[in-house]
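> Provided below for reference: sequence and predicted model.
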Amino acid sequence: MEKWLVISAEDLSQFYEGRRLGDGKYVAYCPLCVSNSETLYITDGRIGTLIYCHSGCDKEDILKEHDIQLFQLFVNQKSKPKLPYDPTDDLIAVEIIRANRNEITSESDIAWAYSVKERLIAHNHWKPKL
Ligand SMILES: [Zn+2]
């Protein structure tokens, strides 16, 4: 199996001048957003390093700003098969929501969290006790 050197949340956050929230958790200003709030979450996850702008920016575009490829955040990402609905992003979002529960307080953040949950339920990927 090919292994990639995974970029940690700490390393990745430095590209975006992230602010540390806790162990392996960072928040930063998204380089693609005009928003005045920190919308970019960078978190160490179970399957790799998670990056997510909850204003909806494409994470590959966010990474491209610093010449980083998505696969560099994951181990063996290349071997994943393509499915009609790929729950990966939403499952990553669930991890981010759970890891940053206390930071998700604004109406738009809560609406985002619910939309993720609804999509997972609709596709039978919702596992409340993951
Ligand atoms: Zn953004």
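Arrived safely.
> This structure: helices as residue ranges?
9-15, 59-64, 88-99, 107-122 (DSSP state H).
> So which of these is nearest the ion?
helix 59-64 (6.6 Å; Cβ to the ion). Where you see a C-beta, it was placed from the backbone N, CA and C, and this is true even at glycine.
> tell me which residues in that closest one are buried?
Within helix 59-64, the residues that count as buried by 16 or more other Cβ atoms under 10 Å are 59, 62-63.
> mind showing which ranges of the chain have poor pLDDT?
Applying pLDDT under 70 to the chain flags the ranges 1-5, 75-83, 128-130.
> quick one, domains of it?
The record, using automatic domain parsing to delimit domains, assigns the chain the ranges 9-77, 88-122.
> can you list those domains in TSV and add distance to the ion?
Below are the domains of the chain laid out as TSV (distance: least, Cβ to the ion, whole Å):
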stretch	distance to the ion
domain 9-77	3
domain 88-122	12
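> among those, which is the most enclosed?
Of all those, domain 9-77 has the most neighbours on average by mean count of other Cβ atoms under 10 Å, namely a mean of 17.
> Show me how far that domain is from its chain's centre.
7 Å (Cα atoms, centre = their mean, to the nearest Å).
> now that we're looking at residue 66, how far away is residue 102 from it?
From residue 66 across to residue 102, the span is 28 Å (Cβ to Cβ, to the nearest Å).
> typo on my end, it should be residue 30
20 Å.
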